[in-house]
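[1] Model the following, please.
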Amino acid sequence: MAKPPALRGAHKHHDGQSGADKTMEDSNRTAQYHPQSGYVYGDRQNIFQQIQNDEHEPKRTHNLYWPFCDHGEWSLGKFLVETMMQTEIDRFLKLSWFDVKEKPSFSSARELLSWMDLLPPGPKWCIMQFEVQGYTTAAPIHLIWRDGLEVAKSLFGNPIFTQNMSFDPLHVGRVRSESMESGSQQIEHSRHRQTGGLEMHPLFLTIGNINSDIRMKATSHAWRCVAYIPIPKFETHSDYHTILKSCVWHNLKVTAKVGEFMPDPFGELRYCFTPLVAWIADLPEQLMITSVSKNASPITLATHKQFGDANRHDPCTVEHTLELLYILSKSVNPWNLDRFQKKAKELLLLGIHLPFWRNWVLTQVFIFLVPEILHTLHKFFFNHLLQWCKEVVGSDELDACYKVIIRYCTDDWTRASRYPAHHRRHDLGAAPPEFVRAICALIDFMYQAQNPVHTESSIEAMQASLNKFHDCKVAILEAEACRGKSSVKEDFYIPKLKLLLSFVEAIRNNNGLIQFTADVSERLLITHCKSPFTRTSKQKDFGEQIVHILDREEQMRQFDLYLLLHQHNHALVNAVVDEDEEVYATDPTMAWVSRVAPDEQHHFSAPRPIWNHFTKGILSDSANAALTVTRSPDGSNLSWPDVMRTYGLPDLRHKMFSTIKIWSKFRIQLHSTFRPSIIMPSQAVQAEPPSDTFPSGNCDAIFLDTDQGANNPGSGPPRRSTAKLPDFLLHPLLYVQPFHIVKTPEDLEDTQLWKLERVYAPATQPKTRTGFVIPIMEVTHAAELVPVYREKVDRSLTSATSQEHYDHFYLNRYADKEMRNDLGPRLDAFWIDKMTNSLINLT
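    Numbers count the residues shown, from 1 in each chain. All right, here's what the predicted structure looks like:
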């Protein structure tokens, strides 16, 4: 951004270097800061430092917890306000227990809440009642809101995000990661129904300066609610309800025409702008925002009968829509709803003549309306792809497939609310090959679209998958899989299908789309709507109640961390520290608390951090995987005959050791294949012996890199960190049974998966599986195998027996996005092994 006139600022970066022409280089990418950004115009207090200017701060000179007497009373008061309604607090304070115990300083809920209202405030909530002139509603319209600019300032100046915030646009070469625009805003809203039939749209706001990994965590509080938009019920014909509700919505907007001076988390003053860079909404909300009807695309000029084709249409620009509205408004009074609506429909408009974005500087609707992963991809899969597969394969057959391989499936899996994404491709054996190719191509596109990091080659591959679907989609119609409410459809007039064509350009404009998923808002609905709203008394002053509840929640959360920092004499600026090369914690509050007062972490609610096994575990030969077992084995001092009998392994014979310790599982941890500095959660690999629940044992599949190291158990200790392990863990070994690759993706053009075959010892009757013992350091990945069902599933099988019944399997590249990204070009370098027995240690 350019410097404001007549001002001179110092160009500054908080990453150890400075200079407008600074360039970063590493093995994966090069990046350069924008030459006219990052200026600092002096010092100003961040939001925690501003607490020291609070009118009641002098009273905290001698008592940090004023108006509470000490830390214990503050904790009690905070707990009561967070978990109880006023009547419950009063009942608690009147318990006879306080007849013999010291009572708190507050004697009633009213007094306690009044004390909480004395805490340093954040952006204040307001409530206002208004009406739409000329139209009546079933109930008064109450808008609960707060100043969006003040909320943006509180986020920008919050020291909690110091380690996770950028202040300069960064041009990245080779790899596209995430945009960093000072003050840029992202907005998200969802629909919520409150007790008593009250409906509203919560509106959430964040800033693009905060790293996407942090924004995607609802518990990090990087999203702030700025309004609860009412959905009034107008006493008019139902055809006009949408128009009138939308008019109410469009009367609200955040404007940013000129810059604003804001303090950053370091307490330095910056000149910021707030362009609208992303608005996260589902399709109906996108249509409302763009002011177009359901027969038109909110992103392009495509119309209903063009939704199914593969052609790219011109974008629906601000200028185009405003020109249509201008022409229409000249001929018809916009407030004559009957005539205006009819004329608007002829132009494929919704009937909103003053859209909120019409004078928002630097705004282009087809850019800020980003594709939303949850509704555009996942729900599209449920509503269409899954239904097509059920029509071709049959619901009962799909249910049987999943009951065989999914241990937590429901009685009717195809109707379950949580369809397992990583098994979508393997159950179409009875479907025509061209149909399978179309389904698989679209699923490939869905996985590729969710990559957190993109390269030009990955974008091209994603587009190629979508092109492949369009080339093969006629097979879906030929199979009569596409059905309407009463008959077979012969078209693909699906609005969301057309939206998929906009993904490539959206990634180039806004980078990784996974950061815009509505999964965050689903969680925010619980924390900002359902939980606070259940603590109201449902009386007529409901609006006033919710405003006070929301204010207090934010004040208590901020003041609690301020007290901790003050108590430990820590600076109110979260200074940058030397970052570890490996990142395994994503909650910014907990990261700060862990440095200031590690013993106080249990007082703060946050996700459990990922345990870093690379510091204390056993490293694989390639050092790419960390492997761990428990200190206590599941069996000790066992003989070879005991192990052979327990696990049913007649070929397990080894005379080098007299006794054996066994483990029934170990854990493996990897780095992210998209961003190698990030450590992924560890994964358990099971190797349980036969039992009543699992008659043939419960064993998982693994990848081995047999080119690294030797297979000799006595070849020396494994690579590990400097942490000391018990002597009996110095030589961990595995017993494994191998699989051979019999088909490659090039051989299977429909599913494009690897097909594996179980290995048996030659010339044995009955057939005996072959196995061998290897060092644990040869393990590189956990894997997932799916049986090849052929035409029908054996209905006598269960999830506990299917893995041992079949001899042929597909290797599931789609177990998760990391596996899919990592496995493609590297499979030929690995052995594929089925781990059929326990982790063993020979002593």
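[2] Check which residues of whatever helix or strand S531 lives in are buried.
    Taking DSSP states H and E as the criterion, S531 maps to helix 531-533. Neighbour counts over helix 531-533 (16 or more other C-beta atoms under 10 Å) mark 532-533 as buried. In short, each C-beta sits where N, CA and C put it, glycine included.
[3] elements contacting the helix or strand following it?
    Next helix or strand after helix 531-533 toward the C-terminus (DSSP H and E): helix 542-567. Applying 3 or more C-beta pairs under 8 Å, 6 or more residues apart in numbering; DSSP states H and E, we find helix 542-567 packed against helix 47-50, helix 71-83, helix 109-116, strand 126-130, strand 141-145, helix 531-533, helix 588-596.
[4] try 7 Å
    Contacting helix 542-567 under the criterion 3 or more C-beta pairs under 7 Å, 6 or more residues apart in numbering; DSSP states H and E are the following elements: helix 71-83, helix 109-116, strand 126-130, strand 141-145, helix 531-533, helix 588-596.
[5] N53: which of the ones you listed is closest?
    helix 109-116 (19.6 Å; C-beta to C-beta).
[6] between that closest one and helix 71-83, how big is the angle?
    Interaxial angle, helix 109-116 versus helix 71-83 (axes from the mean of the first three to the mean of the last three C-alpha atoms, to 10 degrees): 110 degrees.
[7] Which elements pack onto helix 109-116?
    Counting by 3+ C-beta pairs under 7 Å, 6+ apart, helix 109-116 packs on helix 71-83, helix 86-93, helix 542-567.
[8] Give the rounded mean pLDDT of the helix holding S531.
    Here helix 531-533 scores 74 as its mean pLDDT.
[9] Give me the distance from that helix to the chain's centre.
    Taking C-alpha atoms, centre = their mean, to the nearest Å, one finds the center of helix 531-533 at 23 Å from the center of the full chain.
[10] before we move on, the earlier item: the helices and strands packed on helix 542-567: which one's closest to K767?
    When the helices and strands packed on helix 542-567 are compared by C-beta to C-beta, helix 588-596 sits nearest K767, at 53.8 Å.
[11] just to revisit the earlier point, tell me the most buried of the helices and strands packed on helix 109-116?
    Greatest average neighbour count among those goes to helix 542-567 (a mean of 18), per mean count of other C-beta atoms under 10 Å.
[12] Shouldn't F809 be within a strand?
    Yes. Assessed with DSSP: H, G, I helix; E, B strand; the rest coil, F809 lies in a strand.
[13] Show me the strands in the stretch 101-250 of the chain, by range?
    Applying DSSP state E, counting those that start in this stretch to the stretch 101-250 of the chain gives strands spanning 126-130, 141-145, 170-173, 175-176, 185-189, 192-194, 198-207, 224-230.
[14] wait, I meant the stretch 401-550 of the chain
    Counting by DSSP E, counting those that start in this stretch, the stretch 401-550 of the chain has strands at residues 454-455.
[15] Out of the strands of the stretch 101-250 of the chain, which gets the lowest mean score?
    strand 175-176 (a mean of 36).
[16] rewinding a little: in terms of secondary structure, what does the helix holding S531 contact?
    Under the contact definition 3+ C-beta pairs under 7 Å, 6+ apart, helix 531-533 sits against helix 542-567.
[17] average pLDDT across the helix it packs on?
    Helix 542-567 shows a mean pLDDT of 87.
[18] just to revisit the earlier point, T751: which of the helices and strands packed on helix 542-567 is closest?
    The closest of these to T751 is helix 588-596. By C-beta to C-beta, the value is 42.1 Å.
[19] So which elements touch the lengthiest strand in the chain?
    Looking across the chain with DSSP state E, the single longest strand is strand 732-743. With contacts taken as 3+ C-beta pairs under 7 Å, 6+ apart, strand 732-743 sits against strand 754-758, strand 772-775, strand 831-834, strand 839-842.
[20] what's the distance between G148 and Q286?
    Note on G148: its distance to Q286, by C-beta to C-beta, to the nearest Å, is 20 Å.
[21] right, and the secondary structure at R270 would be what?
    strand.
[22] in the stretch 551-700 of the chain, which ranges drop under the pLDDT threshold?
    Filtered on pLDDT under 70, the stretch 551-700 of the chain yields the residue ranges 576-586, 606, 653-657.
[23] now the helices for it?
    If DSSP state H, counting those that start in this stretch is used as the criterion, the helices of the stretch 551-700 of the chain fall at 588-596, 640-647.
[24] which of these is buried the deepest?
    The most buried one of the helices of the stretch 551-700 of the chain (mean count of other C-beta under 10 Å) is helix 588-596, showing a mean of 19.
[25] which strands and helices sit next to that one?
    On a contact count with 3+ C-beta pairs under 7 Å, 6+ apart, helix 588-596 meets helix 542-567.
[26] Just give me the neighbour total for Q341.
    For Q341, the count of nearby residues is 17 (other C-beta atoms under 10 Å).
[27] same question, N569
    7.
[28] now do W97
    For W97, the number of neighbouring residues by other C-beta under 10 Å comes to 9.
[29] how close does it get to S75?
    Taken as C-beta to C-beta, the span from W97 to S75 is 17 Å.
[30] what do you get for R535?
    19 Å.
[31] do V742 as well
    Per C-beta to C-beta, V742 is found 63 Å from S75.
[32] E522 too?
    Counting by C-beta to C-beta - E522 and S75 are separated by 30 Å.
[33] Show the average pLDDT along the host helix or strand of E285.
    Using DSSP H and E, E285 sits in helix 283-290. For helix 283-290, mean pLDDT is 88.
[34] Give the next helix or strand downstream of that helix.
    Counting by DSSP H and E, the next helix or strand C-terminal to helix 283-290 is helix 318-331.
[35] buried set for that following helix?
    318, 321-322, 324-325, 328.
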